[in-house]
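Chemist: whatever this is, show me its structure:
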Amino acid sequence: MPKAFRNTLLSLRDLLASAGPLAFLGLGLLALAYWWLNPNPPKTVIVATGPAQSAYAEFGKRYQKALAADGIDVVLLPSEGSSANLQLLRDGKADVAFVQGGTAARQPDDADELISLGSLFVEPVWVFYRTPATQETGQPTSTPAPSRRLGGVAQLKGLRVNVGTSGSGVPNLVDRLLEVNRMESGAVRLSHLEETPATVAFLAGRLDALVFVSASESPMVQMLLQTPGVQLLDFAQNEAYARRLPFLSPVTLPRGVVDLAQDLPPRDVRLVASTTSMLARADTHPALLTLFAQNAQTLHGGAGWFNRARAFPSMQHSELPMAQEAERAITESVPLLQRYLPFWIANLIERMWLVLGILLAIMLPLSRIVPPLYQFRVRSRVFRWYGRLREVEDQMDTRSAPPAALLKALDELEAQAEKVSVPLSYADELYALRNHIHLVRKKLLRAQAADEPGGVQQQP
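Modeler: Numbers count the residues shown, from 1 in each chain. A predicted model of the protein is given here:
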């Protein structure tokens with residue numbers, strides 16, 4: 001092995017031995033902070049959506065596609081609807097869910113277990129009813145479909161109306177609507193079929209009306225709005241409903257917004273609507289909350305049938321505490337690092353920067369001991385032989401060992417010094433050792449010459 005290469009390896013060894021403990025300390029503290037902060041999110045998140053063909057199911061697919069770009073697998077958990085989603089969150093079977101405003105059976109501890117990522121869109125109360133045009137193609141019934149436009153909930157009296165399953169939250173809402181209209185529960189013949197079977201029965205003439213509470217993106221709503229002979233109930237008192245039921249808001253379906261070419265609907269339709277929020281468990285990983293809140297800006301920020309652009313997501317209408325990640329996403333722009341780096345790297349830096357700053361503040365003062373320690377290790381390879389040289393000199397002065405033995409010890413010491421390798425910056429220390437060995441040898445030879453019979457002490 002070339003001597004220069006060997007010297008380089010020795011220098012690296014000394015440097016590692018000097019700085020190694022400090023590096024291990026820093027890495028250990030960094031690993032401990034990483035374990036404690038857990039900056040990177042799990043790769044799988046469960047989202048409770050709703051029935052097939054519902055707006056919740058449609059938005060769930062959009063979030064699934066959006067988060068897949070960041071390596072997150074969104075598992076969609078179908079349910080009966082809003083009330084079922086809320087229960088899935090409470091039971092820990094879902095991490096995130098779409099929940100309708102005013103959903104029944106809110107519990108006091110929801111504020112501790114659940115948080116809101118903001119309101120995302122309005123869900124109008126769609127009440128579809130048949131006109132004689134559809135009755136002609138359906139089966140004969142004992143209750144005729146209404147022959148005129150309906151302008152209020154009170155006019156549903158005596159009709160067969162499907163309000164969906166109990167897990168959807170719609171039956172509770174309908175009960176509230178009937179209550180404020182002073183209608184007993186038996187005044188309307190209610191059924192609780194799922195959306196698809198109910199729609200089939202409705203179009204076949206076995207039901208007179210359907211009640212949905214869903215966003216306009218619902219495929220079922222889109223289909224019924226364009227079905228000939230199916231009318232949409234006009235809530236003429238929508239402002240009054242909003243005053244009596246605070247979780248409802250008055251909205252208007254503008255004329256022609258469904259299909260401008262066919263002028264659907266042919267007139268403005270007044271409706272009432274609840275606001276749907278995205279709720280999450282409070283123990284959901286913050287990075288996941290950030291991803292959902294940021295993607296909500298894209299998925300729900302555009303103009304819709306009932307809102308202008310950038311009206312959603314919103315912190316209004318929130319019935320639970322807002323997550324800090326959602327507040328930042330709604331009120332602030334995208335963080336600088338996330339604009340240029342992959343999300344997982346930007347998130348790691350953003351969540352670890354404080355710890356990195358603290359570690360830097362601790363390690364910088366400690367790093368000052370590395371150069372003296374390195375210097376000590378290198379110089380100790382030379383200075384360790386000075387102890388042996390001092391012993392030889394003391395034995396020479398006290399004459400406790402014969403000169404021949406001392407000369408042999410000096411030869412061995414010099415041979416060992418020849419094998420010592422140090423960086424060039426410390427070569428003067430090595431040459432000084434060799435020179436001192438030479439001086440002791442000369443002193444020993446003079447003493448030996450003076451002790452010989454007839455010897456004359458040499459001058460230095």
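
Chemist: when you work out contacts or count neighbours from here on, use the C-alpha atoms and nothing else.
Modeler: OK.

Chemist: ranges for the strands of the chain?
Modeler: 44-48, 73-77, 96-100, 114-130, 160-162, 189-191, 209-213, 230-232, 249-253, 269-281 (DSSP state E).

Chemist: mean pLDDT added to the ones you listed, as CSV?
Modeler: As requested, the strands of the chain are exported to CSV (pLDDT from 0 to 100):
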stretch, mean pLDDT
strand 44-48, 95
strand 73-77, 95
strand 96-100, 92
strand 114-130, 91
strand 160-162, 94
strand 189-191, 93
strand 209-213, 93
strand 230-232, 93
strand 249-253, 92
strand 269-281, 92
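
Chemist: out of the ones you listed, which is closest to residue 380?
Modeler: Closest of the strands of the chain to residue 380 is strand 44-48, at 56.2 Å (criterion: Cα to Cα).

Chemist: how about the CA coordinates for stretch 435-447, as PDB?
Modeler: C-alpha atoms of stretch 435-447 as PDB (Å, rounded to 0.1, in the frame of the first residue of the first chain):
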ATOM      1  CA  ASN A 435      15.800  14.600  16.500                       C
ATOM      2  CA  HIS A 436      15.400  14.200  20.300                       C
ATOM      3  CA  ILE A 437      16.200  10.500  20.000                       C
ATOM      4  CA  HIS A 438      19.300  11.400  18.100                       C
ATOM      5  CA  LEU A 439      20.300  13.900  20.900                       C
ATOM      6  CA  VAL A 440      19.800  11.400  23.600                       C
ATOM      7  CA  ARG A 441      21.900   8.900  21.700                       C
ATOM      8  CA  LYS A 442      24.800  11.400  21.400                       C
ATOM      9  CA  LYS A 443      24.500  12.100  25.100                       C
ATOM     10  CA  LEU A 444      24.600   8.400  25.900                       C
ATOM     11  CA  LEU A 445      27.700   7.900  23.600                       C
ATOM     12  CA  ARG A 446      29.500  10.800  25.300                       C
ATOM     13  CA  ALA A 447      28.800   9.300  28.800                       C
END
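
Chemist: report the buried residues of that stretch.
Modeler: For stretch 435-447, the neighbour count (16 or more other Cα atoms under 10 Å) marks 437, 440-441, 443-447 as buried.

Chemist: just to revisit the earlier point, closest one to residue 393 among the strands of the chain?
Modeler: Among the strands of the chain, strand 44-48 comes nearest to residue 393, with 75.8 Å by Cα to Cα.

Chemist: residue 311 contacts residue 304, doesn't it?
Modeler: No - shown here, residue 311 and residue 304 do not form a contact pair, counting by Cα atoms under 8 Å, at 9.4 Å.

Chemist: and the helices in the stretch 51-200 of the chain?
Modeler: In the stretch 51-200 of the chain, the helices defined using DSSP state H, counting those that start in this stretch lie at 55-68, 82-90, 110-113, 132-135, 170-180, 195-203.

Chemist: which of those helices has the highest mean neighbour count?
Modeler: Burial of the helices of the stretch 51-200 of the chain is given as mean neighbour count (mean count of other Cα atoms under 10 Å); helix 82-90 ranks first at a mean of 23.

Chemist: mean confidence for that one?
Modeler: The average pLDDT for helix 82-90 rounds to 90.

Chemist: now the helices of the stretch 51-200 of the chain as JSON lines including distance to residue 365?
Modeler: Listed next are the helices of the stretch 51-200 of the chain as JSON lines, based on distance: least, Cα to Cα, whole Å:
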{"stretch": "helix 55-68", "distance to residue 365": "43"}
{"stretch": "helix 82-90", "distance to residue 365": "48"}
{"stretch": "helix 110-113", "distance to residue 365": "43"}
{"stretch": "helix 132-135", "distance to residue 365": "84"}
{"stretch": "helix 170-180", "distance to residue 365": "65"}
{"stretch": "helix 195-203", "distance to residue 365": "68"}
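
Chemist: specify the beta-bridge partners of the closest residue to residue 129 other than its chain neighbours.
Modeler: Nearest in space to residue 129, with sequence neighbours left out and distances taken as Cα to Cα, 6 or more residues apart in numbering, is residue 209 at 4.2 Å. Beta-bridge partners recorded for residue 209 (DSSP bridges): residue 129, residue 161.

Chemist: tell me the contacts of residue 209?
Modeler: Contacts for residue 209 were tallied using Cα atoms under 8 Å, 6 or more residues apart in numbering; they are 127-130, 159-162, 202.

Chemist: report the central residue of the chain.
Modeler: Note on the chain: the residue nearest the mean C-alpha position is residue 287, at 1.3 Å, using Cα atoms, centre = their mean.

Chemist: which stretch among the helices of the stretch 51-200 of the chain comes nearest residue 403?
Modeler: The nearest among the helices of the stretch 51-200 of the chain, by Cα to Cα, is helix 55-68 at 85.0 Å.

Chemist: returning to what we had before: deepest in the core, which of the strands of the chain is it.
Modeler: strand 96-100 (a mean of 28).

Chemist: from residue 58, how far off is residue 306?
Modeler: 18 Å (Cα to Cα, to the nearest Å).

Chemist: no no, residue 68
Modeler: 16 Å.

Chemist: OK, contacts around residue 81?
Modeler: Counted by Cα under 8 Å, 6+ apart, residue 81 has contacts 49-51, 167-169.

Chemist: and which of those residues is nearest residue 429?
Modeler: Closest approach between the contacts of residue 81 and residue 429, by Cα to Cα: residue 49, at 76.5 Å.

Chemist: read off the pLDDT value for the closest one.
Modeler: Residue 49 carries a pLDDT value of 92.

Chemist: just residue 259 next, same as before
Modeler: Predicted confidence (pLDDT) for residue 259: 92.

Chemist: quick check: chain neighbours aside, which residue is closest to it?
Modeler: In space, residue 259 comes closest to residue 265 once its chain neighbours are excluded; the distance is 7.5 Å by Cα to Cα, 6+ apart.

Chemist: residue 253 versus that neighbour, what's the distance?
Modeler: 8 Å.

Chemist: and residue 442, by the same measure?
Modeler: From residue 442 across to residue 253, the span is 112 Å (Cα to Cα).

Chemist: next one: residue 310
Modeler: 19 Å.

Chemist: and the closest residue to residue 381 other than its chain neighbours, how many residues sit next to it?
Modeler: The shortest distance from residue 381 to any non-neighbouring residue, by Cα to Cα, 6+ apart, is to residue 420 (7.1 Å). By the criterion of other Cα atoms under 10 Å, residue 420 has 11 neighbours.
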